[in-house]
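*Asks:* For reference, the sequence and a predicted model appear below.
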Amino acid sequence: MSQADAFQDLLTRARAGDPGAAEEIFRRYQGPVRRAIRFRVLGGGLRGPVTESDLCQSVFGSLFLRLAAGEYELARPEDLQHLLMRMAGHKHLDLVRQNAAARRDRRREDGGDPDRQPDPGGVANPERVAIGRELLAEARGRLTDGERALFDRRAVGGAWAEIAADLGEPEPALRQRLARAVRRVEADLGLGGGDD
């Protein structure tokens, strides 16, 4: 099997929620993602309750959710690495914006364990969100029936043109509906939800 075929097989398995594929992607790419986050977080002066691990898990959680939704078409391993770097940058910028909007004074932090985030709406923080089947199952459960049908068809590689023809709806409207649903679920799961 060629390197390109092996990469596509890995992505196909990850889209289907294969925990082995998710683990392999995480193992291969976590180092560069952590370095990018460390550089941005430490270099950008961002401090507080969110850790490098939180941001890293958020990046990979979003990746697996969006892969399953068929949002990313990646041809080479380098494409995936570039995507992950962009996602890390967006997650960091979202965090900076949140901190600025809340006008938090870090000198008044309560000094609690930074890895023990409160659960927004009872949802586990990104550090504890499982990668693989559990994440996809949780995400699917938060979708409406119509959103879940779109999500499932894209997860098995369904083409947008075919799905649009079957449903009798415009392709751009279906793409937008699924993208909004995925962003909503990402936010619900504490994975962010910004544009990556």
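*Replies:* Good, I have the coordinates. All figures in this text were calculated on a predicted structure; none of them were measured in a lab.
*Asks:* What distance do you get for Ile25 to Phe151?
*Replies:* Computed as CB to CB, to the nearest Å, the Ile25 to Phe151 distance reads 19 Å. The way it works is simple: take the backbone N, C-alpha and C, and place the C-beta from them, glycine included.
*Asks:* got a list of what the nearest residue to Gln3 once chain neighbours are set aside touches?
*Replies:* In space, and not counting its chain neighbours, Gln3 is closest to Pro77: 7.9 Å by CB to CB, 6 or more residues apart in numbering. By CB atoms under 8 Å, 6 or more residues apart in numbering, the residues touching Pro77 are Gln3, Phe7, Arg28.
*Asks:* redo that, cut-off 10 Å
*Replies:* For Pro77, the contact set (CB atoms under 10 Å, 6 or more residues apart in numbering) comprises Gln3, Ala4, Ala6, Phe7, Leu10, Leu11, Ile25, Arg28, Tyr29.
*Asks:* Leaving out sequence neighbours, find the closest residue to Phe151.
*Replies:* Phe151's closest residue in space is Ala69 (CB to CB, 6+ apart), at 5.4 Å.
*Asks:* how close does the one you found sit to Gln3?
*Replies:* Taking CB to CB, one finds Ala69 at 26 Å from Gln3.
*Asks:* So between those two, which is more surrounded?
*Replies:* The residue with more neighbours, out of Ala69 and Gln3 and counting by other CB atoms under 10 Å, is Ala69; that gives 23 against 9.
*Asks:* Who are the contact partners of that one?
*Replies:* 15, 136, 139, 143, 147, 150-152, 154-155, 178-179, 181-182, 185.
*Asks:* now the helices for the protein?
*Replies:* Assigned helices in the chain, in chain order: 3-15, 19-43, 52-68, 77-102, 133-141, 145-155, 160-167, 171-188 (criterion: DSSP state H).
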